[in-house]
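Q: my questions concern the predicted model and sequence given below.
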Amino acid sequence: MAIVRMSKFSLFSFDSDRQNLLNVLQKFKYIHFNTLASDDESFLTKIEAKEELLSLDESMSACKWSIDLLSGFLERSGTFEELKAGVKTFNLKEIENRATAYNFKDNYKYIYELVEKRNSLEQENTNLKTTINDLKPWESLKLNIREILEFENTDVSIGTVPKKYINEFIEEAELSELVHIEQVSKNSSFSYIICFYDKSSKDELSKIMHKYGFSRVEIKTDGNVSDAISKLENTISENNNKILEIEKKVLLKVDLLEDFKIYYEYLKNKRLKFASSEKFLKTENVDIIEGYLPTNREKELISLLDDTLGKNYYIEIEKASEDDPKVPVQLENNNFVEPFESLTTMYSIPRYNEIDPTPLFAPFYFIFAGIMVGDLGYGLLLFLATFFALKFFNLDKVKRNSIKFFMYISISTMLWGIVFGSFFGDAIPMKSLLNPSEDYVAMILMSLIFGGIHIFFALGIKAYMNIRDKKPLDALYDVGFWYMAVMGAIVCIVANVLKLKSGIFNAAMIIMVLGMIGIVLTGGRTEKTIGAKLGWGIYALYGITSYFGDFVSYLRLMALSLAGSFIAIAVNIIVRMLFQNGILGIIFGALIFLMFQLFNMFLAFLSAYVHSARLTYVEMFNKFYEGGGVPFKNMVAESNYFNIEEE
């Protein structure tokens with residue numbers, strides 16, 4: 001249950017063996033490469049694979065486009081069936097064999113051309129619909145447009161006038177006997193009109209048109225408008241039939257979806273090999289490779305190199321330096337702790353010389369989340385749901401760990417639900433060891449005690465790390481004196497409140513004062529002048545006030561437990577009242593119970609997740625943990641579609 005020990009290696013091999021070596025290392029998987037620089041050695045150059053990477057990126061983009069397209073045509077099964085089926089498992093060899101046998105280019109080209117044709121037809125339909133919309137207002141015209149525009153002694157203007165001005169426009173325009181306005185149609189905004197007028201009236205009519213906002217319109221047909229619309233609609237219908245035929249052809253290729261996904265994973269891992277090679281240096285004939293691997297896999301790597309390269313390589317392996325910030329970090333924990341690793345990585349990966357905090361905070365998180373929900377019914381429901389998911393769903397490792405995480409929280413919730421005597425609030429009466437709604441003082445004390453254990457445990461970890469790093473005095477200065485000051489203060493307060501013997505109070509006071517003096521004298525020990533040392537020491541002592549805030553933070557254990565409990569009890573009171581009002585009351589009561597208890601359960605677990613993380617990150621981690629480590633990156637790309645197993 002710790003950070004995996006790493007070894008650093010330097011490997012020299014012939015560049016002619018590069019691709020074969022990369023293939024083997026990828027199958028080995030447990031390799032993290034360093035990026036080497038050629039600053040000082042002019043005979044060393046970087047390996048460049050820009051063209052290969054660009055080509056692979058283009059192929060991956062095309063493959064991903066095909067996957068997304070075919071996925072849209074795939075008939076989805078229900079979510080339950082999808083989870084039950086899960087994702088398939090392949091090893092790299094199987095992926096490579098299927099990918100190299102798959103005719104990606106021809107299948108992609110075929111699908112791409114079909115889709116381009118479909119898109120062209122859809123765009124044509126869009127343009128045709130726009131034309132139809134333009135023609136619709138003129139549909140009632142019986143004459144052909146060409147005939148209207150070719151009257152011998154009369155000019156014609158076709159256009160629109162704002163609807164609110166149409167009556168005034170017609171009235172004023174037709175004052176002249178040589179002008180006639182034909183209103184063809186109208187909508188909420190405009191009237192669509194045709195103006196017939198003698199050429200001698202053109203100038204006067206133009207002024208009237210300008211006055212009332214006349215806008216000329218070009219009707220996009222020479223013949224009958226109604227006939228033109230019918231032809232366009234027929235063309236759209238024909239195009240839709242063609243689109244359906246194209247989609248049927250694409251649908252026949254849905255069976256290739258898995259092949260496209262496999263090819264995508266193949267390309268992604270191939271790209272990773274070329275990208276990895278850019279981290280190497282080379283001479284004229286030799287590649288220089290540097291990186292890390294888990295120490296327990298050294299012999300496995302050497303055996304693999306012997307089988308692959310024979311004697312045509314040289315390797316140096318040494319234990320990774322504790323203080324080297326480049327050393328990648330890989331976490332390894334037992335089945336209980338591993339699901340909590342997501343909380344660590346969400347905060348920050350530990351540095352190689354730190355302690356993996358996951359096994360240290362996991363028991364506290366388990367307890368705190370259980371207290372905050374503290375209901376046997378809620379815990380039982382979540383336990384059954386998570387057990388069912390783990391039993392019947394084919395989940396990948398990440399999803400399984402997430403489900404396990406909530407299963408563990410449900411177990412803690414059930415245990416604390418028994419302690420609190422809570423089953424969906426007070427739906428079923430239970431004996432309690434501690435009733436949150438009545439035993440306020442006990443709940444406060446329990447929260448503060450857990451808080452004290454949590455904080456002092458975190459300080460103890462800091463002391464251990466200092467002693468481990470051969471800094472015992474730092475452990476005394478940064479932890480020991482704080483133990484004395486804070487614990488002394490706590491005992492003084494307790495002795496005063498409980499009226500304990502004066503000897504206890506006096507002893508605690510002496511310990512507290514000695515601790516405070518120690519903090520003042522050592523808090524600024526890194527400063528150069530005595531004044532600065534004392535100043536920073538006093539400032540460090542002022543930090544004792546933050547500990548009181550830290551302790552108060554743990555009262556959220558009680559607060560959230562009470563909040564969830566009171567809401568559940570309130571729902572039960574309403575339901576009992578409804579149950580007294582006949583069959584309708586029973587039906588509505590059952591619905592309200594189900595809906596609001598589930599909603600309260602969701603809020604309770606959400607709050608427990610967030611606030612337990614807050615206590616971990618803010619109250620615990622800031623005592624000893626910094627993070628900022630480099631995550632170990634395997635030589636195998638993380639799959640989007642499958643589980644990738646070792647051969």
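A: Yep, it's here. As the structure is a prediction and not an experimental result, all values here were calculated from the model.
Q: show me how this structure divides into domains.
A: 1-44+278-330, 143-223, 338-431+442-624 (automatic domain parsing).
Q: output those domains as JSON lines; include the columns distance to Ile246.
A: In this view, the C-beta of every residue, glycine as well, is placed from N, C-alpha and C. Listed next are these as JSON lines, based on distance: least, CB to CB, whole Å:
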{"stretch": "domain 1-44+278-330", "distance to Ile246": "39"}
{"stretch": "domain 143-223", "distance to Ile246": "28"}
{"stretch": "domain 338-431+442-624", "distance to Ile246": "35"}
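Q: to Gly72, which of these lies closest?
A: Closest of the domains of the chain to Gly72 is domain 338-431+442-624, at 23.2 Å (criterion: CB to CB).
Q: first-to-last residue distance for the closest one?
A: 21 Å (CA to CA, to the nearest Å).
Q: what residues does Arg271 make contact with?
A: Counting by CB atoms under 8 Å, 6 or more residues apart in numbering, Arg271 makes contact with 53, 56-57, 60, 637.
Q: could you rerun that using 7 Å?
A: The contact partners of Arg271, by CB atoms under 7 Å, 6 or more residues apart in numbering, come to 53, 56, 60.
Q: helix, strand or coil for the last one?
A: Taken by DSSP: H, G, I helix; E, B strand; the rest coil, the conformation at Met60 corresponds to helix.
Q: same question for Gly223.
A: Classified using three-state DSSP, Gly223 is coil.
Q: re the thing from before, quick one, which of the domains of the chain is packed in tightest?
A: domain 338-431+442-624 (a mean of 17; mean count of other CB atoms under 10 Å).
Q: now the residue nearest to Leu514 when sequence neighbours are not counted: how far from Ile517?
A: Distances taken as CB to CB, 6 or more residues apart in numbering place Met484 nearest to Leu514, at 5.9 Å, with adjacent residues excluded. Met484 is 9 Å from Ile517, where distance means CB to CB, to the nearest Å.
Q: what of Gly379?
A: 48 Å.
Q: before we move on, what about Ile47?
A: Counting by CB to CB, the gap from Ile47 to Ile517 is 61 Å.
Q: repeat for Val87
A: Distance from Val87 to Ile517, by CB to CB: 62 Å.
Q: in this structure, where is pLDDT below threshold?
A: For the chain, the stretches with pLDDT under 70 are 1, 38-42, 75-86, 147, 152, 647.
Q: just want the most central residue of it.
A: Met346 (10.9 Å; CA atoms, centre = their mean).
Q: ok, back up a step: let me have the contacts of Arg271 in JSON lines, extended by distance to Leu74.
A: Formatted as JSON lines, the contacts of Arg271 follow (distance: CB to CB, whole Å):
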{"residue": "Leu53", "distance to Leu74": "31"}
{"residue": "Leu56", "distance to Leu74": "26"}
{"residue": "Met60", "distance to Leu74": "20"}
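Q: which of the residues you listed has the largest number of neighbours?
A: Leu56 (19 neighbours; other CB atoms under 10 Å).
Q: that residue reaches Lys268, doesn't it?
A: No: with contact defined as CB atoms under 7 Å, Leu56 does not count as touching Lys268 (8.5 Å).
Q: residues contacting the host helix or strand of Leu382, please?
A: Per DSSP states H and E, Leu382 falls inside helix 376-392. With CB under 7 Å, 6+ apart as the test, helix 376-392 has contacts from 84, 373, 400, 403, 406-407, 410-411, 413-414, 417-418, 422-424, 427, 601, 604-605.
Q: tell me where the stretch 251-400 of the chain has strands.
A: Using DSSP state E, counting those that start in this stretch, the strands of the stretch 251-400 of the chain run over 281-282, 286-294, 313-319, 328-329, 331-332.
Q: for Ile455, which of these is the nearest?
A: Comparison of those against Ile455 by CB to CB identifies strand 331-332 as nearest, at 24.2 Å.
Q: direction included, what does the closest one pair up with?
A: strand 2-3 (antiparallel) (DSSP bridges).
Q: gap between the partner strand and the chain center?
A: Distance of strand 2-3 from its chain centroid, counting by CA atoms, centre = their mean, to the nearest Å, is 26 Å.
Q: packing partners for whatever helix or strand comes next after it?
A: Downstream of strand 2-3, the first helix or strand assigned by DSSP H and E is strand 6-14. Under the contact criterion of 3 or more CB pairs under 7 Å, 6 or more residues apart in numbering; DSSP states H and E, strand 6-14 touches strand 286-294, strand 313-319.
Q: need the ones you listed in TSV (columns: distance to Ile31).
A: Converted to TSV, the helices and strands packed on strand 6-14 look like this (distance: least, CB to CB, whole Å):
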stretch	distance to Ile31
strand 286-294	6
strand 313-319	12
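Q: so which of those is nearest Glu438?
A: strand 286-294 (53.8 Å).
Q: partners of that closest one, with directions?
A: Note on strand 286-294: by DSSP bridges, its sheet partners are strand 6-14 (antiparallel), strand 32-33 (antiparallel), strand 281-282 (antiparallel).
Q: can you name the element that comes right after the second one?
A: Towards the C-terminus, the helix or strand next in line after strand 32-33, according to DSSP H and E, is strand 45-46.
Q: show me what that next one pairs with in its sheet, parallel or antiparallel.
A: Partners of strand 45-46 in its sheet, by DSSP bridges: strand 281-282 (antiparallel).
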